[in-house]
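K.L.:
My questions concern the predicted model and sequence given below.
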Number of protein chains: 4
Amino acid sequence: MDKDNLSAVLHAKGDLRLEQRPIPEPGPNEVLLKMHSVGICGSDVHYWQHGRIGDFVLQKPMVLGHEAAGRVVQVGSSVTHLKPGDRVAIEPGVPREMDEFFKSGHYNLSPTVLFCATPPDDGNLSRYYKHNANFCYKLPDTLTFEEGALIEPLSVGIHACRRAGVTLGSSVLICGAGPIGLVSLLVAKAMGASQVVISDLSAERLAKAKELGADFLLPVKREDVPQEMARRVEGMLGGQPQISIECTGVESSIQTAIYATRSGGVVVLVGLGEEMTRAPLLNAAIREVDIRGVFRYCNTWPTAIAMLASKHINVKPLVTHRFMLEQAVEAFDTARQGLGIKVMLKCDKNDQKP
Amino acid sequence: MDKDNLSAVLHAKGDLRLEQRPIPEPGPNEVLLKMHSVGICGSDVHYWQHGRIGDFVLQKPMVLGHEAAGRVVQVGSSVTHLKPGDRVAIEPGVPREMDEFFKSGHYNLSPTVLFCATPPDDGNLSRYYKHNANFCYKLPDTLTFEEGALIEPLSVGIHACRRAGVTLGSSVLICGAGPIGLVSLLVAKAMGASQVVISDLSAERLAKAKELGADFLLPVKREDVPQEMARRVEGMLGGQPQISIECTGVESSIQTAIYATRSGGVVVLVGLGEEMTRAPLLNAAIREVDIRGVFRYCNTWPTAIAMLASKHINVKPLVTHRFMLEQAVEAFDTARQGLGIKVMLKCDKNDQKP
Amino acid sequence: MDKDNLSAVLHAKGDLRLEQRPIPEPGPNEVLLKMHSVGICGSDVHYWQHGRIGDFVLQKPMVLGHEAAGRVVQVGSSVTHLKPGDRVAIEPGVPREMDEFFKSGHYNLSPTVLFCATPPDDGNLSRYYKHNANFCYKLPDTLTFEEGALIEPLSVGIHACRRAGVTLGSSVLICGAGPIGLVSLLVAKAMGASQVVISDLSAERLAKAKELGADFLLPVKREDVPQEMARRVEGMLGGQPQISIECTGVESSIQTAIYATRSGGVVVLVGLGEEMTRAPLLNAAIREVDIRGVFRYCNTWPTAIAMLASKHINVKPLVTHRFMLEQAVEAFDTARQGLGIKVMLKCDKNDQKP
Amino acid sequence: MDKDNLSAVLHAKGDLRLEQRPIPEPGPNEVLLKMHSVGICGSDVHYWQHGRIGDFVLQKPMVLGHEAAGRVVQVGSSVTHLKPGDRVAIEPGVPREMDEFFKSGHYNLSPTVLFCATPPDDGNLSRYYKHNANFCYKLPDTLTFEEGALIEPLSVGIHACRRAGVTLGSSVLICGAGPIGLVSLLVAKAMGASQVVISDLSAERLAKAKELGADFLLPVKREDVPQEMARRVEGMLGGQPQISIECTGVESSIQTAIYATRSGGVVVLVGLGEEMTRAPLLNAAIREVDIRGVFRYCNTWPTAIAMLASKHINVKPLVTHRFMLEQAVEAFDTARQGLGIKVMLKCDKNDQKP
Ligand SMILES: NC(=O)c1ccc[n+]([C@@H]2O[C@H](COP(=O)([O-])OP(=O)(O)OC[C@H]3O[C@@H](n4cnc5c(N)ncnc54)[C@H](O)[C@@H]3O)[C@@H](O)[C@H]2O)c1
Ligand SMILES: NC(=O)c1ccc[n+]([C@@H]2O[C@H](COP(=O)([O-])OP(=O)(O)OC[C@H]3O[C@@H](n4cnc5c(N)ncnc54)[C@H](O)[C@@H]3O)[C@@H](O)[C@H]2O)c1
Ligand SMILES: NC(=O)c1ccc[n+]([C@@H]2O[C@H](COP(=O)([O-])OP(=O)(O)OC[C@H]3O[C@@H](n4cnc5c(N)ncnc54)[C@H](O)[C@@H]3O)[C@@H](O)[C@H]2O)c1
Ligand SMILES: NC(=O)c1ccc[n+]([C@@H]2O[C@H](COP(=O)([O-])OP(=O)(O)OC[C@H]3O[C@@H](n4cnc5c(N)ncnc54)[C@H](O)[C@@H]3O)[C@@H](O)[C@H]2O)c1
Ligand SMILES: [Zn+2]
Ligand SMILES: [Zn+2]
Ligand SMILES: [Zn+2]
Ligand SMILES: [Zn+2]
């Protein structure tokens, strides 16, 4: 068997190394995967740049990567729904305890969840990686590995749009046209939104949003005044949006989202910013504009696969750069500079197709 | 002003006459409309053929028609949101009392609701017709009058899919590919259904369903066994549908819908059949398959207009026949024979465009 | 007929006068009421002290009062469900337009709603008052007029607990033990909350809360630190509450509510404070703690009457002071000083029973 | 250690034996329990009398019993939340696979769930029994073992009332005053129902319902006509109930429940009857009366413990008979005759307190 398990390991802030790791042995409920495509997420870059995100601090070397798809090469003794050769997408968050959150279907909120590339848990930017088989989902032949890897960010968009209650005829404001804003746009449209306005500082990202189906573009400047932006949104749509999905984490953008949303509507907070936010909660309260957070996702992979397979959602245009695993540092640097949208790492030496 | 108010009046079972009626005077909250396009519904034909539907019995001559759009020619003294010249779609059900149903947003369930062409209330198959202004919705210039008229059947599909909880990635069985099954198909797709199977006795109607986006067609014969049909649905989809929308009212089809639906799923009863039904309620109960009825719709017109304007739903292919109001009897006969899908009556002598 | 229509009229900030007003004539959908009991609300006191609340500014003399019950003395021509002699509780907010909010059952959010004693609409602190008959609810003989008047603040508690999703076994934090915190306590218990902690600055109000069924009392000092208070709540309950109902409007208390609430839970904002609030929205977002506002209520009167009639909720202990209408200024001064909980004004010279 | 593991084993239809079984060894995620109190359920009696329930057929000897509480005597290697000495209530249904139902919080619907005393899985009518530790819930000192055992039937009532959406001010019809009807009554009241009507054939059971808080009693005779019964319910309540909870499984009672329920309301099917039911589905559909099944329960134990501990629900009066485990056959015969409500078996020779 193969011995090469080259892995992208973060040793400390700024110190990302490609090094060999032992190929892991799957436990009874696990599968060993030969990794194919792994996207780089803003959080991977953040760990690389800062060695931490909030209370999660790197304390020993950790493999990065959590947007991933690969092929099953070995299955644990209790695994019945997968077999060697199956192509799978990986859900990176796996609950460790059967607590109240898990039992009631909100396993993403379980405080002890394992999550790839969140300290202390390793990610999957490797040649080989083992994972709980119940959180690996078989890909139909019609989907590429890259589509499989993109299910992870897409899942954030699905969870956000579900939490928002997007449905037929919804009008939606999306703040921020980064990868997360863009997947939210794709999902909102597929769930029946009739009109989507999307905002960003960057004209390039807005152009990408247009290409992906945004109805209106709202260019923002840092000094723009939230209540004024809210009025511009209302003007564009001919009425306030029922839903705003905030994907920047920036305080002024959160304020815009609240002011912009129709009475009785919903603001979803996807973007993660500072610990404390100054926000017009009185305005939200007396207009019964609900404010709902999003923490990753749950129960999204089967939905995402169904939607990708049905061709109602097309995530392929999100991939703007590809690098071989050996070029991981270069790839991370590309992502860090915010060039393009999604940078993909190709982990299989013999198959670098999408 | 015009004096011609030719109207299609049902005098008794089988006795549909074209005759002049006085042009009505709008009350303070009403608008007078010059009718443009009115679709013929199965219920119109049923009143014509049988003089009654269930407990609703024709007792005096009644104008038929309730799928309608026209142009405002006069507004009542309290009307502010419409003005002469506006093109509107008409919601035919108008609550008469501010009862608990209306106050809580389910005005369709109000027992005293007025409904066009349900005895004793007149419909709108006339040159001129007055209606509560709050239940007339302005059409954008980009929509045709016929699209406006089709909002009525489309609303049944919207209400059915909302009651069903269709959302991203839903797999759906629709029983029956008549006008109501077909609008349910269009709406389910627009709400994110990944896969829709549709059944019918008629190959022609199934072909129309295919054209409108159905993923799988299930031809049915009267003697087919429900549990067997349920297995075929499961086979087609690779799993049971989460949702079944029953649009035939036929007992065996209701049984199929229950057996076919996944545990924890929903069967929506849109089709209206016999008073008593033999159904596998035990099977439904122990698998927690909910059974939910649909009675017309509420709060659907703004949604429908938004969806039609955004071009996410295209109802135009539903119109298969057009007749002038003067040819109403011929039009009704075409509808009675089940030829095509939707028969449109054109009420404006000077404008017979869609 | 009686000519005396003594009314408590606010002419300007600080200028509350008792003066005669003409007895109004009910319109077709209205009833004329002989007022019996009217509670004083914090907002009445606020208009008296400040002449405004936020954007609502007193611009001409306005009758105060909106927590009211009385007896029908005359009915408009279209009224069928009420007759002279009926004892009724008054819902003070009456939608003026049949807009999307009203049609979908959220008439409290309609921007043009009429609301008693909110400029420019008169309240009902008078001998006689007319009101839309659809917003007057017949009281069973077993309920007193004061119970009828208390349905208004009780409704805020009902709407808050509904928005919160209080249900069987909920554990709940209520911030503030003023009238609104106390009715929320009563309602939460009646909806199945197993444990309620209530906080306040005042030992007296906490004692009242204890009497009304609170399980735990949390005395607060202005300098207390929110995260520390949250830990104390968790300690008292042996776990974080699923629901927090904020009834003070104070920034630090809003922060406490967010930190205290369990992941996946709900914070309801009932208290109305400053326009901008500094709040730990990141903490709320990553734990999916929803923040939902409350603006008055809708569809609560029938529920409240059912609960009071069934004796499952007892609001009588809330009334701590009673004054005759003639003593309105003294009554307002008592309310202003925060003495007791609810001050009741008795408007009927001949019947001053509860 | 103790060697006595006397168990009530069903060998075949009618053949219930008390015999020794080896004391089981707990696996890593299991606990070994010394059983204290086990209630007899209608299904236990049914297996004894018929050797099967529907498709579940006894094929090898099986221990009966699934309403149980006991004390932890040994914990598996991975168990952290329980320790020897803990008193626990047992949730008898344990999902075996992490399938879509489990992941989304509906583990009761998982087709491969293990369930005590449903073939082929053993129940817990023994001296000793091992169970998945995640489905054992620690009882507070203030609760008796019998209250712990009664959480199982209480859970059916909780799940039924949740599925029904019982809330503040609900008016409710409960059909059948057996153990399940009675727990539904207790729960409905605790969730805020203002009025409950309960029906039964037996005057004795209705008397028990009265004692437990029913507002109205509806004696039924087998020949009663459903639509007539529905009218009597409406008469008693002064309006149709929003919710009906059917706890008999009898066809005519299901029909009564549908006719009786208010438009827009809910009928919950708890009672399990024949495979096919003749029911007025048209009436349900056009009044949008939803029909929802109940299959056992999920996520109810923590709620039940909180409610019992708070003394808001009192299940103690349900226990009408007690027998020692050695008297199991006599106990089953008592249950078979429908004497009293709940028959309790006491499994601990040294402690037969409640
Ligand atoms: N809640 C979760 O589970 C979750 C999961 C993934 C990502 N996130 C968060 O979502 C956010 C977006 O992620 P991403 O990968 O798309 O990040 P990104 O940085 O690539 O994109 C953010 C975009 O917002 C734009 N922006 C900045 N300020 C703005 C303003 N005032 N108005 C409008 N646009 C503005 C930027 O130009 C950028 O294009 C981040 O905060 C990330 O931490 C949250
Ligand atoms: N609930 C409501 O508010 C509402 C509103 C409108 C229509 N409806 C009802 O919806 C139903 C459909 O309306 P429509 O206008 O489309 O009627 P339609 O008669 O044109 O269509 C019904 C279709 O069902 C097919 N069909 C019959 N038996 C079948 C079977 N066993 N399996 C599969 N298909 C079968 C027929 O071939 C036909 O194409 C009718 O019962 C109508 O009364 C209800
Ligand atoms: N949203 C609505 O529709 C609506 C309706 C009615 C009232 N309100 C608002 O609800 C709030 C409560 O109304 P009320 O009539 O009970 O007012 P109130 O002033 O009588 O009661 C507020 C209570 O909060 C206590 N408090 C102050 N700071 C506190 C802190 N840091 N921690 C804990 N307790 C603290 C006070 O001691 C007082 O007892 C007010 O803000 C009012 O404007 C809102
Ligand atoms: N869905 C589930 O998960 C679940 C769980 C437990 C029990 N059950 C079912 O719930 C039902 C009730 O269980 P139980 O233990 O209380 O049974 P039970 O037999 O003790 O009680 C049923 C009661 O219904 C009464 N009844 C019979 N016909 C009636 C009629 N026409 N109208 C009114 N009352 C009538 C009987 O007199 C009896 O008191 C059974 O069908 C049982 O199988 C279902
Ligand atoms: Zn990520
Ligand atoms: Zn129709
Ligand atoms: Zn008030
Ligand atoms: Zn049982």
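P.N.:
Everything's here; your move. Ligands and ions are numbered 1, 2, ... in the order given.
K.L.:
distance of the spatially most central residue of chain A from residue A:201?
P.N.:
Nearest to the mean C-alpha position of chain A, counting by C-alpha atoms, centre = their mean, stands residue A:153 at 2.3 Å. Noted for residue A:153: a distance of 20 Å to residue A:201, by C-beta to C-beta, to the nearest Å. The way it works is simple: take the backbone N, C-alpha and C, and place the C-beta from them, glycine included.
K.L.:
list the contacts for residue A:86?
P.N.:
A:71-72, A:138 (C-beta atoms under 8 Å, 6 or more residues apart in numbering or on different chains).
K.L.:
Do any residues in stretch A:35-48 lie close to chain C?
P.N.:
No - taking C-beta under 8 Å from any C-beta of the partner chain as the criterion, stretch A:35-48 and chain C are apart, separated by no less than 12.4 Å.
K.L.:
And that stretch, what's buried?
P.N.:
A:35-45, A:47-48 (16 or more other C-beta atoms under 10 Å in any protein chain shown).
K.L.:
CA atoms of it as PDB?
P.N.:
What follows is stretch A:35-48, C-alpha atoms only, in PDB (Å, rounded to 0.1, in the frame of the first residue of the first chain):
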ATOM      1  CA  MET A  35      -8.300  12.700  -0.500                       C
ATOM      2  CA  HIS A  36      -9.000  14.300  -3.800                       C
ATOM      3  CA  SER A  37     -10.000  18.000  -3.500                       C
ATOM      4  CA  VAL A  38      -9.900  20.300  -0.500                       C
ATOM      5  CA  GLY A  39     -11.000  24.000  -0.700                       C
ATOM      6  CA  ILE A  40      -9.300  26.700   1.400                       C
ATOM      7  CA  CYS A  41     -11.600  28.500   3.800                       C
ATOM      8  CA  GLY A  42     -11.100  31.900   5.400                       C
ATOM      9  CA  SER A  43     -10.700  30.100   8.700                       C
ATOM     10  CA  ASP A  44      -7.800  28.100   7.400                       C
ATOM     11  CA  VAL A  45      -6.100  31.200   6.400                       C
ATOM     12  CA  HIS A  46      -6.900  32.900   9.700                       C
ATOM     13  CA  TYR A  47      -5.300  30.100  11.700                       C
ATOM     14  CA  TRP A  48      -2.300  30.300   9.500                       C
END
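K.L.:
How about it and ligand 1, any contact?
P.N.:
Yes - using C-beta under 6 Å from any ligand atom, stretch A:35-48 reaches ligand 1 at residue A:42.
K.L.:
ok now that stretch, how far from the chain's centre?
P.N.:
Centroid separation for stretch A:35-48 versus its chain: 10 Å, with C-alpha atoms, centre = their mean, to the nearest Å.
K.L.:
about what we covered before: make JSON lines from the contacts of residue A:86 and add neighbour count, distance to residue D:308 and pLDDT to it.
P.N.:
Listed next are the contacts of residue A:86 as JSON lines, based on neighbours: other C-beta atoms under 10 Å in any protein chain shown; distance: C-beta to C-beta, whole Å; pLDDT from 0 to 100:
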{"residue": "A:71", "neighbour count": "19", "distance to residue D:308": "52", "pLDDT": "98"}
{"residue": "A:72", "neighbour count": "22", "distance to residue D:308": "47", "pLDDT": "98"}
{"residue": "A:138", "neighbour count": "15", "distance to residue D:308": "44", "pLDDT": "98"}
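K.L.:
Could you pick out which of those are located in strands?
P.N.:
If you go by DSSP state E, the contacts of residue A:86 have A:71-72, A:138 in strands.
K.L.:
picking that back up, work out for me the element the residue nearest to the centre of chain A sits within.
P.N.:
Under the criterion of DSSP states H and E, residue A:153 resides in helix A:145-164.
K.L.:
Could you pull out the strands in the stretch 51-200 of chain A for me?
P.N.:
A:52-53, A:56-57, A:62-63, A:67-75, A:87-90, A:93-94, A:114-115, A:128-132, A:136-138, A:171-175, A:195-200 (DSSP state E, counting those that start in this stretch).
K.L.:
Compare these and give me the one nearest ligand 2.
P.N.:
strand A:171-175 (26.9 Å; C-beta to the nearest ligand atom).
K.L.:
any residue of that closest one up close to ligand 1?
P.N.:
Yes - for strand A:171-175, a contact with ligand 1 is found by C-beta under 6 Å from any ligand atom, at residue A:175.
K.L.:
again with stretch A:311-325
P.N.:
No - using C-beta under 6 Å from any ligand atom, stretch A:311-325 stays clear of ligand 1, coming no nearer than 10.6 Å.
K.L.:
try stretch A:205-218
P.N.:
Yes - interface with ligand 1: stretch A:205-218 contributes residue A:205 (C-beta under 6 Å from any ligand atom).
K.L.:
The residue nearest to residue A:280 when sequence neighbours are not counted: which element?
P.N.:
Excluding its sequence neighbours, the residue lying closest to residue A:280 (C-beta to C-beta, 6 or more residues apart in numbering or on different chains) is residue A:258, at 5.3 Å. Assessed by DSSP H and E, residue A:258 sits inside helix A:251-260.
K.L.:
Outline the domain layout of chain A.
P.N.:
Under the assignment automatic domain parsing, the domains of chain A span A:6-138+A:315-346, A:157-293.
K.L.:
Number of residues surrounding residue A:19?
P.N.:
12 (other C-beta atoms under 10 Å in any protein chain shown).
K.L.:
quick one: the helices in the stretch 151-300 of chain A?
P.N.:
A:179-190, A:203-211, A:226-237, A:251-260, A:281-286 (DSSP state H, counting those that start in this stretch).
K.L.:
ok, so what distance separates residue A:89 from residue A:169?
P.N.:
For residue A:89, the distance to residue A:169 equals 31 Å [C-beta to C-beta].
K.L.:
When the two are compared, which one has more neighbours?
P.N.:
residue A:89 (28 against 25).
K.L.:
Just give me the neighbour total for the spatially closest residue to that one that is not a sequence neighbour.
P.N.:
Distances taken as C-beta to C-beta, 6+ apart place residue A:148 nearest to residue A:89, at 3.7 Å, with adjacent residues excluded. Counted by other C-beta under 10 Å, the residues lying close to residue A:148 total 27.
K.L.:
list the contacts for residue A:148?
P.N.:
Neighbours of residue A:148 in contact, by C-beta under 8 Å, 6+ apart: A:36-37, A:68-69, A:87-89, A:139.
K.L.:
Not counting its neighbours along the chain, what's nearest residue A:56?
P.N.:
residue A:119 (5.1 Å).
K.L.:
Just the closest residue of chain A to ligand 4, please.
P.N.:
Counting by C-beta to the nearest ligand atom, chain A gets nearest ligand 4 through residue A:103, at 18.0 Å.
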